[in-house]
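Asker: Please work out how this folds:
(chains A and B)
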Amino acid sequence: MSRLNIIFLLTFVGLLIWITLFQPSAVGWVQRGAMVALRPFMKASNELDGAINALGSESLSPVQLREKLSVAEQDRDRLKLEVIQLDELLAENNQLRQALQYREKSPLSLVATRVINRKPSHWYNTVVIDKGSSSGIAVDSPVIIPMGDEAGLVGKISEVLGPDSAVVLLLTDEMCQVSAKLQNSQEQGILNGQRGALRTLPNLKLRYLSKEAVAIPGQKVISSGTGELFPANLVLGEVVSVSVGIIDAEATVKPSVNFDNLVDVFVILPADRAREKPAEASTLPSNLLSPAPAAPPVTPVTVP
Amino acid sequence: MKFFALLAGMILLSFILQEFLPVFDWAYGSRLMLVHAVFFAAAVAVPFPVMLGLALVTGFIWDARYHVPIYPDDAAFGMVTQSEIPFGFTILIFGLMGALIQGVRPLFRRGRWELPVFMIGLCTGLTLLIEYLVISFQRGGLEISMELWWKLLMTALFSSLVSPFLLLLLSRVADRMRYRIRTEGLKRRHTYDGDAL
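Answerer: You can find the predicted model right below:
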């Protein structure tokens, strides 16, 4: 090896050691810089992803296309583009209204956020959201999504990247561990995902159940509230099967949240942050507040 | 020198393009690791010191963008201050894999791309496997499943599939910039002509 190579190798090793010794604050600073630089591309890729998904959901076989064409020919005088657009707006409005109603009823301090990047990590199940420290979001804040009158747990904040972005560690990741219990039962355990982000929607594992636990397939699994990180009664999933071991039992749980289709989610603020940032806590995306046609008017939300 | 700067530019561009590359659920959540493929292709085409410089830049930006600070359970008791995969770890991996792939550089200089293409896929897979093993070591339990092997294999395959195009691009660009990747070795196919530029 030439002298030049040795000099470069030693310099490389020195810089490597220096970088690995970065304090978390320095790492955060570097990551914020990267986030600022790449954020436009992240948003653009997410929008492109959404557009492609929308195309995929509308793809039809030739037979279906012929049927659709004949129907379209019959109705072409009646159907107008404006009607289609109104339908889309109405559907979006209903979806957002559902989210808004949940937020108004919820006793928790919530911040509405939008997912701007999906699955950025190879070994961890994560997404990036468009709110951060300026909204009072902190590490370990639970992230939820409305499911009718209930809320489903999406995951928790693993990293706040800056004033307007944070990383959510999804419930399907092994490192997102939730104290859970079977509904209508006293059986409690620890629910977590699987290692390696090998699938978008893997089944979860509810471990440390007692050997005598009676878990029926289809039975709901909810958060127990033990540990005070996640509020109680958040919907986690449904029991698929139970296997009894030598010491304890383990249930396989199908998640209730569709992690493949996350768009608008809510972050539960820590109690101290909620007191400090009441205005931020009530902030909703602008599209939630925009008036929608063919639906009752939506009044802006006041600070609870 | 211009060629090296262009390679650095290509790596930066690959970071932007990486944002647009989807995850294939049918391939066990694998994806085309374009940044890795571009770096390994560049590592075949440049001398050792430049490869180290590119490893430093690529690994640093990769960690700046994709590093997830998940701390092992011990961190709760104040025993561990580093996350599972420490910041900067990717630089080390890129450096090691870059050094490994430099071993096939003479072949590439002679215009033989089969092994470099295979090595680009292999190094991509190895990079991910090492990360997985580190995570498993931190969590105190090794979980090896068929799905894991499929994910690694598919990711490596995607890199191998795209690498001929990258190598072709590098060759063309090198020709344009009069950077000699392939020296006299092409004329004397079975004679190793040393590592001089």
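Asker: Would you list the phi and psi of residue A:180?
Answerer: Phi and psi for residue A:180, reported as degrees, to the nearest 10, are phi -130, psi 160.
Asker: Now it: closest residue in space that isn't a chain neighbour?
Answerer: Sequence neighbours aside, residue A:191 is the residue nearest to residue A:180 in space, at 4.0 Å (criterion: C-beta to C-beta, 6 or more residues apart in numbering or on different chains). Heads up, the C-betas are built off the backbone N, CA and C, glycines and all.
Asker: neighbours of that neighbour, just the number please.
Answerer: By the criterion of other C-beta atoms under 10 Å in any protein chain shown, residue A:191 has 28 neighbours.
Asker: so who does it touch?
Answerer: The neighbours of residue A:191, taking C-beta atoms under 8 Å, 6 or more residues apart in numbering or on different chains as the test, are A:171, A:177-180, A:204-207, A:221, A:236-237, A:253.
Asker: swap in residue B:21?
Answerer: Residue B:21 neighbours (C-beta under 8 Å, 6+ apart): B:31-32, B:34.
Asker: pLDDT for these - can I get that in a markdown table?
Answerer: Below are the contacts of residue B:21 laid out as a markdown table (pLDDT from 0 to 100):
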| residue | pLDDT |
| --- | --- |
| B:31 | 89 |
| B:32 | 92 |
| B:34 | 94 |
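Asker: re earlier: of the contacts of residue A:191, closest to residue A:115?
Answerer: residue A:171 (14.4 Å; C-beta to C-beta).
Asker: hang on, the closest one packs against residue A:203?
Answerer: No - in this structure, residue A:171 is not within contact of residue A:203 by C-beta atoms under 8 Å, at 11.4 Å.
Asker: overlap in contacts of those two?
Answerer: Joint contacts of residue A:171 and residue A:203 (C-beta under 8 Å, 6+ apart) are residue A:255.
Asker: just to revisit the earlier point, just checking: which of the contacts of residue B:21 also lie near chain A?
Answerer: residue B:31 (C-beta under 8 Å from any C-beta of the partner chain).
Asker: does the residue lying closest to residue B:103 once chain neighbours are set aside sit in a helix or strand, and which one?
Answerer: Using C-beta to C-beta, 6+ apart and skipping the chain neighbours, the partner closest in space to residue B:103 is residue B:119 (8.0 Å). Using DSSP states H and E, residue B:119 falls within helix B:114-139.
Asker: cool, and residue A:166?
Answerer: Element membership for residue A:166, per DSSP H and E: strand A:165-170.
Asker: now what about that strand, what contacts it?
Answerer: By C-beta under 8 Å, 6+ apart, the residues outside strand A:165-170 that reach it are A:35, A:39, A:113, A:115-116, A:120, A:124-133, A:137, A:143, A:154-161, A:175-176, A:193, A:259, A:265, A:267, B:68, B:70.
Asker: pull the CA atoms of it into PDB?
Answerer: Taking C-alpha atoms only, strand A:165-170 is exported to PDB below (Å, rounded to 0.1, in the frame of the first residue of the first chain):
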ATOM      1  CA  SER A 165     -41.000  17.500  11.000                       C
ATOM      2  CA  ALA A 166     -40.800  14.400  13.100                       C
ATOM      3  CA  VAL A 167     -40.400  10.600  12.700                       C
ATOM      4  CA  VAL A 168     -43.100   8.200  13.800                       C
ATOM      5  CA  LEU A 169     -42.100   4.700  14.800                       C
ATOM      6  CA  LEU A 170     -45.100   2.600  13.700                       C
END
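Asker: average pLDDT across that strand?
Answerer: Strand A:165-170 shows a mean pLDDT of 90.
Asker: Sheet-wise, list the partners of it with their directions.
Answerer: strand A:126-129 (antiparallel), strand A:150-162 (antiparallel) (DSSP bridges).
Asker: Could you say which of the ones you listed is packed most deeply?
Answerer: strand A:126-129 (a mean of 24; mean count of other C-beta atoms under 10 Å in any protein chain shown).
Asker: Using CSV, list the CA coordinates for that one.
Answerer: What follows is strand A:126-129, C-alpha atoms only, in CSV (Å, rounded to 0.1, in the frame of the first residue of the first chain):
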residue,chain,number,x,y,z
THR,A,126,-41.3,4.6,10.2
VAL,A,127,-43.0,7.6,8.5
VAL,A,128,-42.3,11.3,8.6
ILE,A,129,-45.0,13.8,9.5
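Asker: could you give the angle of the biggest helix by length in chain B to helix B:114-139?
Answerer: Counting by DSSP state H, the longest helix found in chain B is helix B:146-176. Relative orientation of helix B:146-176 versus helix B:114-139 (axes from the mean of the first three to the mean of the last three C-alpha atoms, to 10 degrees): 140 degrees.
Asker: Give me the secondary structure label for residue A:108.
Answerer: The three-state label given to residue A:108 by DSSP: H, G, I helix; E, B strand; the rest coil is coil.
Asker: Spit out the contact partners of it.
Answerer: Residues in contact with residue A:108 (C-beta under 8 Å, 6+ apart) are A:231, A:268-269.
Asker: which helices and strands sit right next to the helix or strand residue B:53 falls within?
Answerer: Assigning secondary structure by DSSP H and E places residue B:53 in helix B:48-66. Packing contacts for helix B:48-66, counted by 3 or more C-beta pairs under 8 Å, 6 or more residues apart in numbering or on different chains; DSSP states H and E, involve helix A:3-20, helix A:24-57, helix B:2-20, helix B:34-45, helix B:89-101.
Asker: and the last one, what's its mean pLDDT?
Answerer: I take that to be helix B:89-101. What helix B:89-101 shows for mean pLDDT is 94.
Asker: so that helix versus helix B:34-45, what angle?
Answerer: With the same axes, to 10 degrees defining the directions, helix B:89-101 sits at 40 degrees from helix B:34-45.
Asker: Next SSE downstream of helix B:89-101?
Answerer: helix B:105-109.
Asker: Of all the residues in that next one, which ones are buried?
Answerer: For helix B:105-109, the neighbour count (16 or more other C-beta atoms under 10 Å in any protein chain shown) marks B:105, B:107-109 as buried.
Asker: Could you do stretch B:13-27 as well?
Answerer: Neighbour count says stretch B:13-27 has B:14-16, B:18-19, B:23, B:27 buried, by 16+ other C-beta under 10 Å.
Asker: now stretch A:11-29
Answerer: A:12, A:15-16, A:19, A:22, A:27-28.
Asker: Any figure for the gap between residue B:29 and chain A?
Answerer: Using C-beta to the nearest C-beta, to the nearest Å, one gets 5 Å for the distance from residue B:29 to chain A.
Asker: quick one: low-confidence ranges for chain B?
Answerer: Applying pLDDT under 70 to chain B flags the ranges B:72-82, B:181-197.
Asker: what's the residue closest to the geometric middle of it?
Answerer: residue B:36 (3.3 Å; C-alpha atoms, centre = their mean).
Asker: OK, contacts around the closest residue to that one other than its chain neighbours?
Answerer: Distance criterion C-beta to C-beta, 6+ apart; nearest residue to residue B:36, sequence neighbours excluded, is residue B:124 at 4.7 Å. Listed by C-beta under 8 Å, 6+ apart, the contact partners of residue B:124 are B:33, B:36-37, B:40, B:155-156, B:159-160.
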